[in-house]
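1. coordinates for the following, if possible.
(chains A and B)
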Amino acid sequence: MLTNAPRGTRDILPDTVGYWLHIEKTVRDICALYGYKEIRTPVFEHTELFLRGIGETTDVVEKEMYTFVDRGERSITLRPENTAAAVRAYLEHKLYADAALNKLFYIGSMFRYDRPQAGRYREFHQFGVEALGGSNPAIDAEIILLAVQFLKQLGLSELELSLNSVGCPNCRPVYRERLQAFFKEKLDGLCPDCRSRYERNPLRILDCKNERCQELSVGAPAITECLCGECQDHFSQLQECLTAADVQFQLDPRLVRGLDYYTKTAFEIKYAPLGAQSAVAGGGRYDGLVEECGGNATPAVGFAVGLERVLLALEKQQLLPVLSDSMDAFVVALGTEAQTPAFKLLCKLREKGLTANMDFAGRSMKAQMKQANKAQARFAVILGEEEVKESCAVLKNMQTGEQEKISLSELVNKLYAEVKD
RNA sequence: GUGGCUGUGGUGAAGCGGUUAACACACUGGAUUGUGGCUCCAGCAUUCGUGGGUUCAAUCCCCACCAGUCACCCCA
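-> I've put the predicted structure just below:
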């Protein structure tokens, strides 16, 4: 137990952090391109925020939250997603006063108590975007484009974008009733889950993977047939924008998001080869959330990308960048007399901005040369007792094998010139 | 939370109810005393996820737990 990370968590080791940095850099580049500013919120929040924000009857809230009481008797929850927190910060710091439209992005750990499997962890990382304060369908289109461009920039292909509208508080109740009416006499045939969904959230029945439920829901009214005028307009304008931007999408009237705050636009980007956890990105519009959290009615859209899944997809498509961590110099010290002068030299190299390392274990020259080789050092700087006396060192080019003796006073500059040209 | 499969050294793996647990890679050291990448040699699991049980005997059989994996579920 002492030597095992908690279930569903993983260490990101030095040999793979480079992949994460690559993804994170792509995130920052894209967000800069689209004018989204980074926001960092706490890893935990008051439990109440998620109850209100995500919805008390959602699976995430009902059975997946890491909730505990802190020493001040507050109920605290490790964030299972970041939209509610972003909205909280938006209200707390009155960001709405800065601009009519706030475009934010975040990268960070989220926590859900799920059963781990490939692409699903208890601590996982999301990159997400929130545009607060705008109702224009062009903003929905913009963030979808942002998500698509992000994934494309990483090199991913074979992505499927599904799109739907889940309506608003005006038209969804109407649809809900029609759906209940449709399922009323089929209730006995539905799976137990769906029978409880019938009352609580009949839209989710359409989403059920159970074959029998799928069969029974054939011919069910589609939400898109029941949208109010406003939602309908919004949805069709969104589609126009996407088409204008040359984005391929597929309408999926069964697409339902699991978080209660969604209104109008809902979308999902899938990478099918990932198997059961193939949703790489998902999001939509949540026009009611800001008000639900105590602010003025404020329209908003956002999405989140699962970074572990992106990484898995990159692996599958062999798109991971080649990580090289070569360095400028490796200082080889021979004998006890040379240790301190070598260390001094190492410090000087680093002061000059040259990446350098040395062995601290007092190993043989051969072993040190091997290390220099493995560290992909461009130069080895060899310092033995003889050189110390003459106050010089041997500079060896590891690629060509050429080497020359050089006085210590010139060495740093010489090496700098060699490396930086 | 449910079900299936799996669990041998740093990694990939072979193995079998019975003395010393293959092999490869990695790692460490060495091949005339101060030179890497190739080659050669040597070292590297008192132990087979953990804890019980069956047996004269278990890494190989049984149970529990833990972990991984796949599916359900959920979602990013």
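2. give me the pLDDT value at residue A:206.
-> Note on residue A:206: pLDDT of 81.
3. name the nearest residue to it, sequence neighbours excluded.
-> Nearest non-adjacent residue to residue A:206, counting by C-beta to C-beta, 6 or more residues apart in numbering: residue A:254, 4.3 Å away. For glycine as for every other residue, the C-beta is placed from the backbone atoms N, C-alpha and C.
4. now that neighbour: how far from RNA strand B?
-> 12 Å (C-beta to the nearest atom of the strand, to the nearest Å).
5. in this structure residue A:341 contacts residue A:388, no?
-> Yes: judged on C-beta atoms under 8 Å, residue A:341 makes contact with residue A:388 at a distance of 5.1 Å.
6. quick one, helices of the stretch 101-250 of chain A?
-> Under the criterion DSSP state H, counting those that start in this stretch, the stretch 101-250 of chain A contains helices at A:137-153, A:172-183, A:192-200, A:211-216, A:229-244.
7. and stretch A:304-316, what's buried?
-> For stretch A:304-316, the neighbour count (16 or more other C-beta atoms under 10 Å) marks A:304-314 as buried.
8. how about the residues of the stretch 101-250 of chain A by RNA strand B?
-> For the stretch 101-250 of chain A, the contact set with RNA strand B under C-beta under 7 Å from any atom of the strand comprises A:112, A:114-121, A:124, A:126, A:193, A:204, A:207-210.
9. coming back round to it: mind checking what secondary structure the residue nearest to residue A:206 has?
-> Following DSSP: H, G, I helix; E, B strand; the rest coil, residue A:254 is assigned to coil.
10. so what pLDDT did it get?
-> 85.
11. compute the number of surrounding residues for it.
-> When neighbours are counted by other C-beta atoms under 10 Å, residue A:254 registers 17.
12. do the same with the one 5 residues further on
-> Around residue A:259 sit 23 other residues, with neighbours defined as other C-beta under 10 Å.
13. using the three-state scheme, assign it.
-> Reduced to three states by three-state DSSP, residue A:259 is coil.
14. got the phi/psi numbers for the closest residue to it other than its chain neighbours?
-> Take residue A:259 and drop its neighbours on the chain: the residue closest to it by C-beta to C-beta, 6+ apart is residue A:54, 5.1 Å away. The phi and psi torsions at residue A:54 (degrees, to the nearest 10) take the values phi -80, psi -30.
15. any idea how far residue A:302 is from residue A:54?
-> Using C-beta to C-beta, to the nearest Å, we find residue A:54 at a distance of 13 Å from residue A:302.
16. do you know the pLDDT at the residue in the stretch 201-350 of chain A that RNA strand B sits nearest to?
-> Closest residue of the stretch 201-350 of chain A to RNA strand B, C-beta to the nearest atom of the strand: residue A:258 (1.3 Å). On pLDDT, residue A:258 comes in at 71.
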